[in-house]
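Undergrad: Please work out how this folds:
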Amino acid sequence: MGEKAAQPRFSTDREANAWGGRTDGEGVGHLRWHQHVATALPSELDGAVALIGFCSDAGVLRNQGRVGAVDGPAALRTALSPMAIHERRPLLDLGDVVVEGDDLEGGQERLALAVAQALDAGSLPIVLGGGHETAYGTGNGLLRHAAADTGKRIGILNLDAHFDLREEKQRTSGTPFLDLAKEMQRQGREIHYAVLGISRPGNTKALFDTADELGVSYLLDTQCKLDESQRFVAGFLEQIDLLYLTIDLDVLPASVAPGVSAPAGFGVPYEVIRAVCQQVVASGKLAVADVVELNPRFDVDSRTARSAARLIYELSIE
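TA: The predicted structure follows:
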């Protein structure tokens, strides 16, 4: 008998420790996420949901936003913990990538490695942010995973009030998709980037011009009725093979998501965002996702964390 293959070593900095909560019993019919999630690496990752925390405020601070997203991963785990298990899909927590001080670029590199490793192992990585600077690490992880197949059309669907296409001297929470677009251009890939929920008052004319130059498709928050949103997403999905879904919680109304860096003055209804999450899962094209900009310091009754946890739940159902 041959030697057993060594387990991959993931590029995270610490194990997660925020799982816990009510226990109704140990039988299959009683399980909640905190009882089902594995924090040690199982022998088989294929088909698992792999959670990766990205503890970072660096990009938000550089972007002159209100800090606190560094605590987002722990708050998301707490909100996920009591959710009931109805399907026994494996859940794995790979721990946290921690950005120390202003070392955003180092943290994004470690996140990209962890995401690529999780994808290579056959899992669905879901990254718990962190500010939207998380996206550069998540997106690069997918690009590395798909590096050998340049024929695969990679798409980025951003549920967000903002384009995050700023041109800056250093990476921030406002630059990740321009940074990723440049990386895709360097690799000779077509840029497929779509944003649902754009706030016209929240984005300058220069940002709309950049979006037009890059061929970005977008739907304004005022246009995000359920049918129109689903048509928009369906049209985008037809253009791609692999999807990176990124959810900036400031796409939601401030009444639903008060605990974010930049609360929305209008926002997209929660039921629309939830339906879009279900739609991308049903497409079979979802490769990786992240949920970002949760700021527990400004949350009310964990309202934002609970809303985000439900979206993660929807993404985790096969």
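Undergrad: can you pull the pLDDT of Ala6?
TA: pLDDT for Ala6: 43.
Undergrad: how far away is the nearest residue to Val67 once chain neighbours are set aside from Val98?
TA: Nearest in space to Val67, with sequence neighbours left out and distances taken as C-beta to C-beta, 6 or more residues apart in numbering, is Asp57 at 4.3 Å. (C-beta placed from N, C-alpha, C; glycine too.) Distance, Asp57 to Val98, using C-beta to C-beta, to the nearest Å: 11 Å.
Undergrad: quick one, which of the two is more surrounded?
TA: The neighbour count for Asp57 versus Val98, taken as other C-beta atoms under 10 Å, is higher for Asp57 (25 against 17).
Undergrad: Now do the helix ranked longest in the chain: everything it contacts.
TA: Ranked by residue count and defined by DSSP state H, the top helix of the chain is helix 104-120. By C-beta atoms under 8 Å, 6 or more residues apart in numbering, the list of residues contacting helix 104-120 from outside reads 8, 10-13, 45, 50, 52, 54, 56, 58-59, 62, 94, 97-100, 125, 127, 133-134, 136-138, 140-142, 144-145, 170-171, 287-288.
Undergrad: So the nearest residue to Ser199 once chain neighbours are set aside versus Gly29, what's the distance?
TA: Nearest non-adjacent residue to Ser199, counting by C-beta to C-beta, 6+ apart: Ala161, 4.2 Å away. The span separating Ala161 from Gly29 equals 40 Å under the rule C-beta to C-beta.
Undergrad: Between the two, which is the more surrounded one?
TA: Ala161 (31 against 9).
Undergrad: Hmm, Ala262 and that one touching each other?
TA: Yes. Here Ala161 reaches Ala262: they are 7.4 Å apart, a contact under C-beta atoms under 8 Å.
Undergrad: okay, and the common contacts of the two?
TA: Shared contacts of Ala161 and Ala262 (C-beta under 8 Å, 6+ apart): Gly202, Asp250.
Undergrad: need the helices for the stretch 51-200 of the chain, in chain order.
TA: Counting by DSSP state H, counting those that start in this stretch, residue ranges of the helices within the stretch 51-200 of the chain are 58-62, 72-80, 104-120, 134-145, 176-186.
Undergrad: Report the angle between the second one and helix 134-145.
TA: With axes from the mean of the first three to the mean of the last three C-alpha atoms, to 10 degrees as the basis, helix 72-80 and helix 134-145 are set at 90 degrees to each other.
Undergrad: now swap in the longest one and tell me
TA: Note on geometry: by the same axes, to 10 degrees, helix 104-120 and helix 134-145 are set 50 degrees apart in direction.
Undergrad: Distance from helix 104-120 to the middle of the chain?
TA: Helix 104-120 has its average C-alpha position 13 Å from the chain's average C-alpha position, going by C-alpha atoms, centre = their mean, to the nearest Å.
Undergrad: Check which residues of that helix are buried.
TA: Along helix 104-120, the positions that meet the burial threshold by neighbour count (16 or more other C-beta atoms under 10 Å) are 104, 107-119.
Undergrad: Likewise for stretch 304-318?
TA: For stretch 304-318, a neighbour-count test (16+ other C-beta under 10 Å) marks 304-316 as buried.
Undergrad: Equivalent analysis for stretch 41-59, please.
TA: Under the neighbour-count criterion of 16+ other C-beta under 10 Å, stretch 41-59 has 45, 48-59 buried.
Undergrad: Stretch 162-179 too?
TA: Result for stretch 162-179 [16+ other C-beta under 10 Å]: buried residues 162-166, 171-179.
Undergrad: Could you export the residues you listed as a markdown table, including distance to Asp149 and pLDDT?
TA: Formatted as a markdown table, the entries for the buried residues of stretch 162-179 read as follows, by distance: C-beta to C-beta, whole Å; pLDDT from 0 to 100:
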| residue | distance to Asp149 | pLDDT |
| --- | --- | --- |
| His162 | 31 | 97 |
| Phe163 | 28 | 98 |
| Asp164 | 27 | 96 |
| Leu165 | 26 | 98 |
| Arg166 | 30 | 95 |
| Arg171 | 27 | 95 |
| Thr172 | 31 | 93 |
| Ser173 | 30 | 93 |
| Gly174 | 31 | 92 |
| Thr175 | 27 | 95 |
| Pro176 | 23 | 96 |
| Phe177 | 22 | 98 |
| Leu178 | 24 | 98 |
| Asp179 | 22 | 97 |
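Undergrad: so which of the residues you listed comes closest to Val67?
TA: Distance to Val67 across the buried residues of stretch 162-179 (C-beta to C-beta) is lowest for Ser173, with 10.3 Å.
Undergrad: my guess is the closest one contacts Gln64, does it?
TA: No. Judged on C-beta under 8 Å, Ser173 makes no contact with Gln64 at a distance of 9.7 Å.
Undergrad: per-residue pLDDT, the closest residue to Val60 other than its chain neighbours?
TA: With C-beta to C-beta, 6+ apart as the measure, Gly131 is the residue that lies nearest to Val60, at 3.9 Å, once sequence neighbours are left out. If you check Gly131, the pLDDT there is 93.
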